[in-house]
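K.L.:
Okay, sequence plus prediction incoming.
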Amino acid sequence: MARYKNYDYSQKVLLPVSLENQLMPGTLEFAIHTLVETRLDLSVFDEKYCNDETGRLAYDPKVLLKVVLLAYSRGLISSRKIERACQENVTFIALSCCQYPDHSTIAAFVSSMKDEILSLFRDVLLVCEEMGLLGGTFFALDGCKLPSNASKESSGTISELKKRRDKIEGHVRDLLCQQMEADRKGDERKQASHSSNEQRRKRQIERLQKQADRIDKWLQNNDAKIGKAGKEIKSNVTDNESAKMKISYGSIQGYNSQAFVDAKHQVIVHGEAFGSGQDFGHLEPMLDGVKENLRSIGHKQDYFSGKILTADASYHCASNIKRCDQEGLDAYIPDYNFRKRDSRFRKRHKAKRRSKFVLEDFRYDASADQYTCPQGKKLTVRVKRMVVDGIIYRQYVASEKDCNVCTLKSKCVNVTGPKRRYLSVPIAAKHTNLSKKMAEKIDSKKGRKIYPQRLGIVEPVFANIRTQKRLDRFTFRGKIKVNIQWLLYCIIHNMEKIANYGFV
């Protein structure tokens, strides 16, 4: 007959646990504990507490910060999961010293760090500088688009949101009419099913009415959101500081998280989350943030002079190149066509069979200053001079009436584009063509050697934060709170570098 060991759940067991011994030197939790206790100035939180004479004792900000940083390093982003970890996981129990902050305390602590987060980030950056983890000669800039705590279905222009509100209200009126009609035709035999349908319809009406009221309240308190081009862009009822952004597999409603990375050990020297998917508008504020961070740890304002900066083609614009020149940065920011000019990518970018008419297919009449299309229709001057990326163009346009009946329209005008053909003809180049100079710099032997190093500098940073630390979305709303969460992830990334490179 089989025999088994006895067990009794009613027995009492005493487990001798030394909290200090759970934090082993060489581990990330030990680095978090030691850095927060000895190197981070958390006196900046003292002004928030007014319980010196009366009121309940507060959780020490050191304890809360340690718990949040360890949780983020292990992929725990939910405040409820962090609360549970403080009750069940011995490492969290050791870091919190047997204190059990609840989820509301943790969430409120993180979201209220607006004025303190940069100070903490700079304290950690100073430790990196003292340990020699900053090379200070080669930098890379890139962004990572992450969803926010907002639905992209709640996005739209003011007119689109009004239409959505009216449509929901119309649906509510239809449901009310159906309910009144059901009440009028109801009889005793269908009383049971009628009551069930009525309850379901009532819940649906309440849900839809709540949605309509929410949109209507938002419309009363907000104006149209204007983009950098001066045109209205889509707002979001849930989080209007976030933006609808295109990514490789579709679109998201979220934030563009930027990181400015030092090449030596991939330390983040500045991070910030922006509510805009276009990268070219983020280079200048990121440079300002880096300069301020480095000034706070003892570097001079001309720190960037003679240093190298790499960024991908989404940052390529004349204003960014000009700003890099002003800072003395040796910048390498390619245009979108730089690989097509590189012989190493010739096989990848094979010449495709031309399916659309190009400038060479149009005949020019110098006396009348007009072009003739392959169908014999005239294109007249629309704009005599416009400048795009340092190139001066003259623009010609066809008649919409001619294009509508043209049998070759599919070879001339895109289905989703304008209804008539526009022809932009380059006529000259500006003397200070920064984009052209940058293209020549990228195409040079030195440029082709330096620029590819960007991938090995900045991409592993995002891989660490997104894959290893599992940051797949932001849990807060609003740029300030989202930026706090992003900087906390930048801090724990830098702390991990400190732990890996010999912090005692």
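P.N.:
Great, that's in hand.
K.L.:
Tell me where the longest strand sits in the protein.
P.N.:
strand 250-262 (DSSP state E).
K.L.:
Now the element after that one, going C-ward?
P.N.:
Following strand 250-262 in sequence order, the next helix or strand is strand 268-274 (DSSP states H and E).
K.L.:
which outside residues touch whichever helix or strand comes after that following strand?
P.N.:
On the C-terminal side of strand 268-274, the closest following helix or strand by DSSP H and E is helix 283-296. Helix 283-296 is contacted from outside by 118, 121-122, 125, 139, 141, 258, 260, 269-270, 272, 274, 301, 303-304, 311, 315, 319-320, 323-324, 327, using C-beta atoms under 8 Å, 6 or more residues apart in numbering. Every C-beta, even on glycine, is put in place using the N, C-alpha and C of the backbone.
K.L.:
Mind checking which of these land in helices?
P.N.:
Leu118, Phe121, Arg122, Leu125, Ser319, Asn320, Arg323, Cys324, Glu327 (DSSP state H).
K.L.:
quick one: contacts for the residue nearest the centre of the chain?
P.N.:
For the chain, the residue sitting closest to the mean C-alpha position, by C-alpha atoms, centre = their mean, is Asn256 at 1.8 Å. Neighbouring residues of Asn256 by C-beta under 8 Å, 6+ apart: Gly143, Cys144, Lys145, Ala243, Met245, Ala273, Phe274, Gly275, Ser276, Gly277, Asp279, His282.
K.L.:
Then Gln211?
P.N.:
Ile168.
K.L.:
Tell me the secondary structure at it.
P.N.:
Following DSSP: H, G, I helix; E, B strand; the rest coil, the label given to Gln211 is helix.
K.L.:
now it: how far from Arg201?
P.N.:
Using C-beta to C-beta, to the nearest Å, Gln211 is found at 16 Å from Arg201.
K.L.:
Equivalent analysis for Glu360, please.
P.N.:
65 Å.
K.L.:
Just want to know which of those two has more residues nearby.
P.N.:
Set Glu360 next to Arg201 and count neighbours by other C-beta atoms under 10 Å: Arg201 wins out with 15 against 7.
K.L.:
what sits against the more buried one?
P.N.:
Leu175, Gln178, Gln179.
K.L.:
Could you look up the SS state of it?
P.N.:
Arg201 - assigned by three-state DSSP - is helix.
K.L.:
do Leu175 as well
P.N.:
Applying three-state DSSP: Leu175 is helix.
K.L.:
got the contact list for it?
P.N.:
Leu175 touches Arg201, Gln204, Ile205, Leu208, counting by C-beta under 8 Å, 6+ apart.
K.L.:
And Gly277, how close does it get to Asp288?
P.N.:
20 Å.
K.L.:
ignore the last one, Asn464
P.N.:
Counting by C-beta to C-beta, the gap from Asn464 to Asp288 is 25 Å.
K.L.:
So the two - more neighbours on which side?
P.N.:
Higher neighbour count among Asn464 and Asp288: Asn464, with 17 against 13, using other C-beta under 10 Å.
K.L.:
So that one sits against His493, correct?
P.N.:
Yes. Asn464 lies in contact with His493 (C-beta atoms under 8 Å); the separation is 6.1 Å.
K.L.:
Does anything pack onto the helix or strand containing Thr34? Which helices or strands?
P.N.:
Using DSSP H and E, Thr34 maps to helix 28-38. Using 3 or more C-beta pairs under 8 Å, 6 or more residues apart in numbering; DSSP states H and E, the elements in contact with helix 28-38 are helix 61-73, helix 90-96, helix 479-500.
K.L.:
mind saving the C-alpha coords of that helix as CSV?
P.N.:
Extracted in CSV, the C-alpha atoms of helix 28-38 (Å, rounded to 0.1, in the frame of the first residue of the first chain):
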residue,chain,number,x,y,z
LEU,A,28,19.1,45.4,-8.9
GLU,A,29,17.0,45.5,-5.7
PHE,A,30,20.2,46.2,-3.7
ALA,A,31,21.2,49.0,-6.1
ILE,A,32,17.7,50.5,-5.8
HIS,A,33,17.8,50.3,-2.0
THR,A,34,21.3,51.8,-1.7
LEU,A,35,20.9,54.5,-4.3
VAL,A,36,17.6,55.7,-2.8
GLU,A,37,18.9,55.7,0.7
THR,A,38,22.3,57.3,0.1
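K.L.:
which residues touch it?
P.N.:
Here helix 28-38 makes contact (C-beta under 8 Å, 6+ apart) with 22-24, 42, 62, 65-66, 69-70, 73, 91, 94-95, 124, 127, 492, 495-496, 498-499, 503-504.
K.L.:
One more: stretch 120-135?
P.N.:
In contact with stretch 120-135 (C-beta under 8 Å, 6+ apart) are residues 35, 39-42, 65, 113, 262-265, 267, 269, 271, 293, 296-298, 487, 490-491, 494-495, 497-498, 501-503.
K.L.:
gap between the nearest residue to Ala263 once chain neighbours are set aside and Thr310?
P.N.:
Leaving aside its sequence neighbours, Ala263 sits nearest to Phe138 (C-beta to C-beta, 6 or more residues apart in numbering; 3.7 Å). For Phe138, the distance to Thr310 (C-beta to C-beta) stands at 8 Å.
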